[in-house]
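In: how does the following fold in three dimensions:
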Amino acid sequence: MNSPAEPEATRPEEKHLPADTAYPKLTLAQKKLAGSEKCLNCNTVLNGPFCYYCGQPDRNFMRFFPALLRDLAEDVVDFDSRFMRTLKPLLFKPGCLTKDFMSGRRFRYTPPMRLYIFSSIVFFLLAALFSSSQINVNNDTTSKDDTGPVHFSAQSEEKKQQGEDALSALPPGLREKIVTDPAEPALTAESQKDNSDNADSADEVFKPEDISFNGKPWNRVTNPINIAFVPDWVNDRLNDEVENSPKKAEQIGNNPNLLMDKVFDILPATMFVLLPLVALIFKFWYLFAKRYYVEHLIFSLHNHAFIFVCLTILLTANEASILMASRGMAGMSTALEWLEIVIWSWIPLYLLISLRAVYRQGWLMTILKFFLIGISYITLLGMVSAGVAIASFIML
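Out: Model (predicted):
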């Protein structure tokens, strides 16, 4: 008696063929499969390139090393292609990623948390890099190198001009004497007196006693900071910070990048901690929308990732525009400036459309809640920014 024919779905030669799907790239290529009948991890009978019980792919790693290097490169490209598949709806289809995620269409896109982390890391790295190159501290008044959008110098251009004007107002004989013999004793003594006065006034610009507590100047012994509802070590730390504040202010004045470095050390983690609070804002304003908190969190992750990607493009376009302008390529620089204008205009419009697409309320109610959520978010962001600035100053 002949045994019954084996079902087509379980034939070994067809077992690993990819099933019909609208996204064939979401499965493994045939050449990468090991061809095992059972999962090598849990011994479950396989009916596809992945074990349905433990999820391990049936991949063959016992091959020539160049082939493994090629597969590694393909995996990196596949990750990038998955990210690129996510970028199109992220940038040009407001609310699409959130709606697809909630509908179960998730594997084709980069997960929301990974998307947020990747986009924020790229943005903060570029922001830290570009911000450090924007500040040029120059204490040498004889130096002619004033490159950099922000320039700090020991002698301002205004004071230089005032000195030249005062010199030109003197009688010709005295002016020539000062120019030819700047080390004349009387003038030198007078200039030294002026310099000492300036130094004294500079020292008196900021002192710990200028900080008031309980309506009186701060003093570590007679009038320290003493908040009743906080532990003693917190009060001690606050008094230490007040005492060291002039020295830290001087350090920041000499090198502003010190404070910027601390800000960029704290800000990424702060923004990540801020996300649950942003989701609570959405939960509050859509209290009767019958949506779970995690849905608001996913929406916040996608919108923040969109903002970080846009800000990354803006930073890059701005630096490229400055570079093009410095090399005489005015047309390219103008085009990049217009691109920045388009992106800045698209960001609020995108956020409004995404709100309408995900929560499906009328335009009037959506616009009203858009402004309410925006005010709430800006208020929260302002408080967090102030906290980051204070924390950065304390950590110097």
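In: does Trp363 touch Arg356 like I think?
Out: Yes - with contact defined as C-beta atoms under 8 Å, Trp363 counts as touching Arg356 (6.6 Å). C-beta: built from backbone N, CA, C; applies to glycine.
In: these two - which one has more neighbours?
Out: Between Trp363 and Arg356, Arg356 has the larger neighbour count (other C-beta atoms under 10 Å), namely 18 against 10.
In: that one touches Leu364, doesn't it?
Out: No - taking contacts as C-beta under 8 Å, Arg356 lies outside contact range of Leu364: 10.7 Å.
In: now the helix ranked longest in the chain: average pLDDT?
Out: Counting residues, the longest helix in the chain under DSSP state H turns out to be helix 293-326. If you average the pLDDT over helix 293-326, you get 93.
In: can you give me the buried ones in it?
Out: Residues of helix 293-326 classed as buried: 295-312, 314-315, 317, 319-321, 324 (neighbour count, 16 or more other C-beta atoms under 10 Å).
In: look at Leu129 and say how many residues are nearby.
Out: 12.
In: for the strand or helix carrying it, packing partners?
Out: Element membership of Leu129 [criterion: DSSP states H and E] is helix 112-134. In terms of contacts (3 or more C-beta pairs under 8 Å, 6 or more residues apart in numbering; DSSP states H and E), helix 112-134 is packed against helix 65-92, helix 257-285, helix 293-326.
In: repeat that with 10 Å
Out: If you count contacts as 3 or more C-beta pairs under 10 Å, 6 or more residues apart in numbering; DSSP states H and E, helix 112-134 packs onto helix 65-92, helix 96-103, helix 257-285, helix 293-326.
In: for the protein, name the helix or strand with the lowest mean pLDDT.
Out: Lowest on mean pLDDT, DSSP states H and E among the helices and strands of the chain sits strand 150-153, with a mean of 43.
In: where does pLDDT dip in the stretch 251-396 of the chain?
Out: 251-265, 391-396 (pLDDT under 70).
In: could you rerun that using 50?
Out: Scanning the stretch 251-396 of the chain for pLDDT under 50 picks out nothing.
In: separation between Phe284 and Leu277?
Out: Using C-beta to C-beta, to the nearest Å, Phe284 is found at 11 Å from Leu277.
In: do Phe229 as well
Out: 23 Å.
In: same question, Ala357
Out: In terms of C-beta to C-beta, Ala357 sits 23 Å off from Leu277.
In: show me how this protein divides into domains.
Out: Structural domains assigned to the chain are 1-62, 112-133+255-394, 155-205, 208-243, following automatic domain parsing.
In: that older thread, give me the buried stretch members for the helix holding Leu129, please.
Out: Across helix 112-134, burial judged by 16+ other C-beta under 10 Å covers 112, 114-120, 123-124, 126-128, 131.
In: between that helix and helix 96-103, how many degrees?
Out: Put simply, helix 112-134 runs at 150 degrees to helix 96-103, going by axes from the mean of the first three to the mean of the last three C-alpha atoms, to 10 degrees.
In: for helix 112-134, output the C-alpha coordinates as PDB.
Out: Below are the C-alpha coordinates for helix 112-134, written out as PDB (Å, rounded to 0.1, in the frame of the first residue of the first chain):
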ATOM      1  CA  PRO A 112       9.700  53.800  17.500                       C
ATOM      2  CA  MET A 113      12.200  53.600  20.400                       C
ATOM      3  CA  ARG A 114      15.100  52.700  18.200                       C
ATOM      4  CA  LEU A 115      14.100  55.400  15.700                       C
ATOM      5  CA  TYR A 116      14.000  58.000  18.400                       C
ATOM      6  CA  ILE A 117      17.400  57.000  19.900                       C
ATOM      7  CA  PHE A 118      19.100  56.800  16.600                       C
ATOM      8  CA  SER A 119      17.800  60.200  15.400                       C
ATOM      9  CA  SER A 120      18.500  61.900  18.700                       C
ATOM     10  CA  ILE A 121      22.000  60.600  18.900                       C
ATOM     11  CA  VAL A 122      22.800  61.800  15.400                       C
ATOM     12  CA  PHE A 123      21.300  65.300  16.100                       C
ATOM     13  CA  PHE A 124      23.100  65.800  19.500                       C
ATOM     14  CA  LEU A 125      26.400  64.700  18.100                       C
ATOM     15  CA  LEU A 126      26.200  67.100  15.200                       C
ATOM     16  CA  ALA A 127      24.800  69.900  17.500                       C
ATOM     17  CA  ALA A 128      27.700  69.400  19.900                       C
ATOM     18  CA  LEU A 129      30.200  69.400  17.000                       C
ATOM     19  CA  PHE A 130      28.900  72.500  15.300                       C
ATOM     20  CA  SER A 131      28.300  74.500  18.500                       C
ATOM     21  CA  SER A 132      31.900  74.000  19.600                       C
ATOM     22  CA  SER A 133      33.100  75.300  16.200                       C
ATOM     23  CA  GLN A 134      30.900  78.400  16.400                       C
END
